[in-house]
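Participant: predicted model and sequence below, questions to follow.
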Amino acid sequence: MSTQTLSFKQLVKTSSENAYRAFTNATDLRRWLCNVATVVPRPGGRLYMWWNSGYYTSGEFKIAESGEKAAFSWFGKEDPGASEVQVTFNAQNGGTLVTVDHSGLGFGEEWSETISEIEKGWKSALENLASVVATGEDIRFVSRPMLGIIVDEFNEQIAKKMGLPITEGIRLGGTVKGMGAQVVGLQQNDVLVSMGGKPTVDFETLDQVLNAHRAGDTIEIVFYREAEKQSLMMTLSGRPIPEIPPTAQGLADAVAVLYKDIETMLDEFLTGVSEAEASFKPSPSEWSIKGNLAHFIHGERFNLQYFTELVSGYQRFADDYGGNIDVEIEATIASYPTLQDLVQEYKTIMDETLYFLTHLPEEFVANKGAYWQLAYGLLQDPYHINIHLEQMQAALEAARNQ
């Protein structure tokens, strides 16, 4: 049976070894091509990639020659048959010419949609690879709109407590001032179930909707507020992109300013707060002020582990957001029982983060895609902290009004 080959070329401003790594390292693949990847780049080694559109492909490596060539089999979801991909890397004009040959593709109606998607996919992906290598920016991410929401846990037990007739959706922990969700009046504990006519039952489906739209698009939002199903039209907000300092010391200095602001806000808020007030929970399912501080500590600990994984190039596989675990909050409060203990631990971990950033390896900073990913995550406006400060204020008012 005759087959056809689709060929794609892209000049990227990096060495052939780095370009090869972009196709053979799972962390690098996620940075420009797919959303989930696991690979073992040796002949016979595994290949699996997944996109939040629901498409996935699997295969095995046939060739893995660093800086020169990689080849692997490809059998994607709903593809009519298996195919093969060969990627070659040739030095050119101070960079590397990447050539992708996707072969073994059939003819006829059964292959037409698959070939169309493969063609669109490789073209956009290779353009993104060039962007990630040159500037660090993932086009898929920077062009994606934002709702301006903080997501909270939602499951069957929480739905029952809230008196909702549904058990799947995106529950709001809060909204970001000035962004689409806040502008149209969405509130804490609203549960989104549909956007733009597509269900939003978890992070995966929420990502799918956002990836299908751009900032400025207006779409219908369907949600539950208590037991009442409501809908409204919302204009999706643009994603603010902070200026990324080019050096590790510059990044550490910028983050230090943000951390100092957080410390000042916390110190001002906690002035005059008693231990009893800080321990008060407005309800069994809500955190006290100490619970929120423990959550800050966990977040900063997670940051350090995440940064270590980015630098090493080997990240833990993430199934989904597992939610906050009450016993973890309780364990931290038990270990740091006073307000002073909790605040000091939080500040100590922030100092550890700053030391880590100041001493980032030069080769990591030179990897613009990896460095941009780390820096962007740190330099976003402190939406998360601000939302929790509002929760802490509510907890304090409840403690003083009891």
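Facilitator: Arrived safely, thanks for sending. Residues are numbered from 1 along each chain as shown.
Participant: and residue 146, what are its bridge partners?
Facilitator: residue 237 (DSSP bridges).
Participant: tally of neighbours for it?
Facilitator: Look at residue 146: counted by other C-beta atoms under 10 Å, it has 17 neighbours. The way it works is simple: take the backbone N, C-alpha and C, and place the C-beta from them, glycine included.
Participant: can you show me the helices along the stretch 301-402 of the chain?
Facilitator: Counting by DSSP state H, counting those that start in this stretch, residue ranges of the helices within the stretch 301-402 of the chain are 326-335, 339-358, 362-366, 368-379, 383-401.
Participant: which residues touch the last one?
Facilitator: Surrounding helix 383-401, the residues in contact under the criterion C-beta atoms under 8 Å, 6 or more residues apart in numbering are 150, 173-174, 176, 262, 265, 269, 273, 276-277, 280-282, 286-289, 292, 295-296, 299.
Participant: out of the helices of the stretch 301-402 of the chain, deepest packed?
Facilitator: Mean neighbour counts were taken over those using mean count of other C-beta atoms under 10 Å, and the top value, a mean of 20, falls to helix 368-379.
Participant: helices and strands around that one, which ones?
Facilitator: helix 26-32, helix 109-134, helix 248-270, helix 289-312, helix 362-366 (3 or more C-beta pairs under 8 Å, 6 or more residues apart in numbering; DSSP states H and E).
Participant: and the contacts of the first one?
Facilitator: It refers to helix 26-32. Helix 26-32 is touched from outside by 21-23, 36-39, 49, 125, 128-129, 131-132, 138, 309-310, 313-315, 369-370, 373, with contacts defined as C-beta under 8 Å, 6+ apart.
Participant: for that helix, the distance to its chain's centre please.
Facilitator: Centroid separation for helix 26-32 versus its chain: 13 Å, with C-alpha atoms, centre = their mean, to the nearest Å.
Participant: do the same with the fourth one
Facilitator: Here helix 289-312 is found 15 Å from its chain centre; the criterion is C-alpha atoms, centre = their mean.
Participant: show me what it is packed up against.
Facilitator: So helix 289-312, by 3+ C-beta pairs under 8 Å, 6+ apart, packs with helix 275-279, helix 326-335, helix 339-358, helix 368-379, helix 383-401.
Participant: the last one now?
Facilitator: Packed against helix 362-366, as judged by 3+ C-beta pairs under 8 Å, 6+ apart, are the following elements: helix 368-379.
Participant: report how many residues lie close to the closest residue to residue 142 other than its chain neighbours.
Facilitator: Nearest in space to residue 142, with sequence neighbours left out and distances taken as C-beta to C-beta, 6 or more residues apart in numbering, is residue 241 at 5.8 Å. Residues contacting residue 241 under the criterion other C-beta under 10 Å number 13.
Participant: kindly report the same for residue 14.
Facilitator: Using other C-beta under 10 Å, the number of residues around residue 14 comes to 24.
Participant: now do residue 228
Facilitator: Neighbours of residue 228 (other C-beta under 10 Å): 8.
Participant: beta partners for it?
Facilitator: residue 225.
Participant: if we can go back for a sec, who wins for proximity to residue 209 among the helices and strands packed on helix 289-312?
Facilitator: Among those, helix 383-401 comes nearest to residue 209, with 19.9 Å by C-beta to C-beta.
Participant: now do that closest one, average pLDDT.
Facilitator: Average pLDDT, helix 383-401: 89.
Participant: any idea how far apart the tips of stretch 79-98 sit?
Facilitator: The first and last residues of stretch 79-98 sit 25 Å apart, counting by C-alpha to C-alpha, to the nearest Å.
Participant: list the buried ones in it?
Facilitator: Under the neighbour-count criterion of 16 or more other C-beta atoms under 10 Å, stretch 79-98 has 79-80, 83-90, 95-98 buried.
Participant: in helices, which of the residues you listed appear?
Facilitator: With helices defined by DSSP state H, no entry of the buried residues of stretch 79-98 lies inside them.
Participant: these: which two are farthest apart?
Facilitator: Taking C-beta to C-beta, no two of those sit farther apart than 80 and 95, at 35.7 Å.
Participant: that older thread, for PyMOL, what selects the buried ones among the contacts of helix 383-401?
Facilitator: Here is the PyMOL selection string for the buried members of the contacts of helix 383-401, based on 16+ other C-beta under 10 Å:
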select buried, resi 150+173+174+176+262+273+277+280+282+287+288+289+292+295+296
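Participant: now do the contacts for the residue lying closest to residue 350 once chain neighbours are set aside.
Facilitator: Leaving aside its sequence neighbours, residue 350 sits nearest to residue 259 (C-beta to C-beta, 6+ apart; 4.8 Å). Residues near residue 259 by C-beta under 8 Å, 6+ apart: 350, 353-354.
Participant: just the closest of those to residue 57, please.
Facilitator: Of the contacts of residue 259, the one sitting nearest to residue 57 (C-beta to C-beta) turns out to be residue 353, at 36.7 Å.
Participant: which ones are touching the closest one?
Facilitator: For residue 353, the contact set (C-beta under 8 Å, 6+ apart) comprises 255, 259, 300, 303-304, 307.
Participant: how about 7 Å then?
Facilitator: Each residue near residue 353 by C-beta atoms under 7 Å, 6 or more residues apart in numbering is listed here: 300, 303-304.
Participant: make a markdown table from the residues you listed and add neighbour count and distance to residue 203 to it.
Facilitator: Below are the contacts of residue 353 laid out as a markdown table (neighbours: other C-beta atoms under 10 Å; distance: C-beta to C-beta, whole Å):
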| residue | neighbour count | distance to residue 203 |
| --- | --- | --- |
| 300 | 18 | 22 |
| 303 | 18 | 19 |
| 304 | 13 | 23 |
